[in-house]
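Chemist: Just to be clear, the model below is a prediction. Sequence and coordinates:
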Amino acid sequence: MKILLIGGQGQVGFQLQRSLACLGELHTTTRQSLDLADITAIRETINAIQPDLIVNAAAYTAVDKAEQETELAQKINAIAPAVMAEEAKKLAIPLVYFSTDYVFDGSKASPWVETDATGPLSHYGLTKLEGEQAIVASGCDHLIFRTSWVYDRRGHNFLNTMLRLAEEREQLNIVEDQIGTPTWSRHIADVTAQALVQTHNNEAFWKQNSGIYHLSAAGQTSWKGFAEAIFQIAEADGRRVPKVTGIPTADYPTPAKRPLNSCMNNSKLKQHFGLQLPDWQQSLQWVLQS
C-alpha cells in the first residue's frame with residue numbers, strides 16, 4: 001500500500017510516521033514541502049504520488065489566532081481537505097482526516113456522540129467542521145477521527161507549557177470549569193493504523209464503516225485536573241512544581257471561545273473496530289516516564 005501522509009511534522013503526524021511505516025510505502029509531506037493554502041500544489045502532489053490512501057494530519061491549530069487569520073484557517077482546515085477528498089474520489093481511494101471536539105458548543109451534560117448536533121463556538125471549530133462536511137459530501141471512502149486535548153512531549157501543547165511554567169513560577173491559575181479528555185498523540189496514531197489494517201483491500205468494510213468517529217482517551221478531567229496530574233508525576237520525579245489554583249473560564253478570557261464540555265463518547269470506535277484508548281492518567285504516566 002502506498003500511503004500519502006500530509007502534515008508529518010505535527011504532533012499526530014510525527015507519530016503517524018512511526019505507526020504507518022509498517023503498512024506500506026510511506027510518502028510524507030511537511031509544511032515546507034506542501035503549502036496547504038495552494039490548491040494546485042495539493043492536486044499535483046496527489047497525482048504525482050498516486051497513493052492508495054491519503055492521511056491528512058495537517059491543520060491550522062492556533063485556535064485564538066484563527067479568529068484573526070480566518071481566511072488562512074479556512075484554506076487549511078476546510079478547503080484543503082475538500083480538495084483532497086475530491087482527488088481521493090477520482091482515484092477511488094480512502095481519506096483519513098483528524099477533526100476536533102471544538103465542533104461542539106460544550107452545552108451537553110454528558111459525553112458527545114457522533115450524531116449530536118454540532119455548533120462550534122470558534123472560527124477554528126467552524127473550519128474543522130467544514131472540513132468534515134466537505135469530505136462526507138465528496139462521496140469518497142473516509143475515516144474522520146475527532147480528537148480532544150491532544151498532547152505529546154514534542155510540540156506546543158498544554159503538557160509542555162505546564163512543564164515549562166513549573167520552572168518559572170511559584171503559582172499558576174488554571175481553568176477548572178472546562179472538562180475534557182487529554183489524549184496522547186501516539187495513541188491517536190496507533191488506533192488509526194490499527195483501523196486501517198482492518199480496512200485495507202476490503203471494499204465492503206469501507207462501505208460499512210466510512211464515517212465520523214470519536215477518538216479520545218478514557219476518563220475525563222478539567223484543565224486544572226490535567227495540570228495537577230502533570231505536577232504530581234513531575235514532583236515524584238524530583239522536579240519543582242508550582243501551587244495550582246482553579247479559576248472559572250470567565251477569569252481567563254481568550255479571543256476564541258472554548259466549549260465547557262469536550263468529553264466524547266468513544267463507543268462507536270469500539271463497536272466498529274474493536275479499539276479503545278486507555279485512561280488518560282495511565283497514558284500521561286507513560287508519556288512522562290518514557
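Modeler: Great, that's in hand.

Chemist: Going by C-alpha atoms from here, please, whenever you check contacts or count neighbours.
Modeler: Will do.

Chemist: pLDDT (mean, whole number) over stretch 252-259?
Modeler: Averaged across stretch 252-259, pLDDT comes to 96.

Chemist: By neighbour count, which bits of that stretch are buried? Give me those.
Modeler: By 16 or more other Cα atoms under 10 Å, the buried positions in stretch 252-259 come out as 256-259.

Chemist: Tell me the helix or strand right after the host helix or strand of L196.
Modeler: Assigned by DSSP states H and E, L196 falls within helix 185-199. Sequence-wise, the next helix or strand downstream of helix 185-199 (DSSP H and E) is helix 203-209.

Chemist: Strands of the stretch 51-200 of the chain, residue ranges please.
Modeler: Here the stretch 51-200 of the chain has its strands, by DSSP state E, counting those that start in this stretch, at 53-56, 95-100, 142-147, 150-151, 171-175, 179-180, 183-184.

Chemist: Tell me, how many residues neighbour D251?
Modeler: Per other Cα atoms under 10 Å, the neighbour tally for D251 reads 10.

Chemist: where does it fall, phi/psi-wise?
Modeler: The phi/psi pair for D251 (degrees, to the nearest 10) reads phi -90, psi 0.

Chemist: low pLDDT regions in the stretch 51-200 of the chain?
Modeler: Residue ranges of the stretch 51-200 of the chain with pLDDT under 70: 200.

Chemist: One more pass at 80, please.
Modeler: 199-200 (pLDDT under 80).

Chemist: Please tell me how far the one residue sitting closest to the centre of the chain sits from L16.
Modeler: Computing the C-alpha centroid of the chain and ranking residues by Cα atoms, centre = their mean puts T147 first, at 4.3 Å. Per Cα to Cα, to the nearest Å, T147 is found 14 Å from L16.

Chemist: F226 too?
Modeler: Applying Cα to Cα, the value for F226 to L16 is 24 Å.

Chemist: neighbour count winner among the two?
Modeler: Neighbours around F226 and L16, counted as other Cα under 10 Å, are more numerous at L16. The numbers are 27 against 24.

Chemist: What strand or helix carries that one?
Modeler: Assigned by DSSP H and E, L16 belongs to helix 11-20.

Chemist: which other helices and strands contact that helix?
Modeler: Counting contacts by 3 or more Cα pairs under 8 Å, 6 or more residues apart in numbering; DSSP states H and E, helix 11-20 is packed against strand 2-6, strand 25-29, helix 185-199.

Chemist: can you tell which of these is closest to Q50?
Modeler: Nearest of these to Q50, taken as Cα to Cα: strand 2-6 at 7.9 Å.

Chemist: mind saving the C-alpha coords of that closest one as PDB?
Modeler: Coordinates of each C-alpha in strand 2-6 appear next as PDB, following Å, rounded to 0.1, in the frame of the first residue of the first chain:
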ATOM      1  CA  LYS A   2       1.300   3.400  -1.000                       C
ATOM      2  CA  ILE A   3       0.300   6.000   1.700                       C
ATOM      3  CA  LEU A   4       0.400   9.800   1.400                       C
ATOM      4  CA  LEU A   5       0.800  11.300   4.900                       C
ATOM      5  CA  ILE A   6       0.200  15.000   4.800                       C
END
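
Chemist: Now do the buried residues in it.
Modeler: For strand 2-6, the buried set under the neighbour-count rule, 16+ other Cα under 10 Å, comprises 3-6.

Chemist: closest to A166 among those residues?
Modeler: I6 (33.9 Å).

Chemist: Please enumerate the helices of the chain.
Modeler: 11-20, 39-49, 70-74, 80-91, 123-138, 158-166, 185-199, 203-209, 223-236, 267-273, 280-289 (DSSP state H).

Chemist: and those helices as TSV, adding distance to G246?
Modeler: Output for those, formatted as TSV (distance: least, Cα to Cα, whole Å):
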stretch	distance to G246
helix 11-20	27
helix 39-49	44
helix 70-74	31
helix 80-91	38
helix 123-138	25
helix 158-166	14
helix 185-199	26
helix 203-209	41
helix 223-236	6
helix 267-273	31
helix 280-289	19
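
Chemist: closest one to P111 among those helices?
Modeler: With Cα to Cα as the measure, helix 267-273 is the member of the helices of the chain nearest P111 (10.6 Å).

Chemist: What residues of that closest one count as buried?
Modeler: Neighbour counts over helix 267-273 (16+ other Cα under 10 Å) mark 267-269, 273 as buried.
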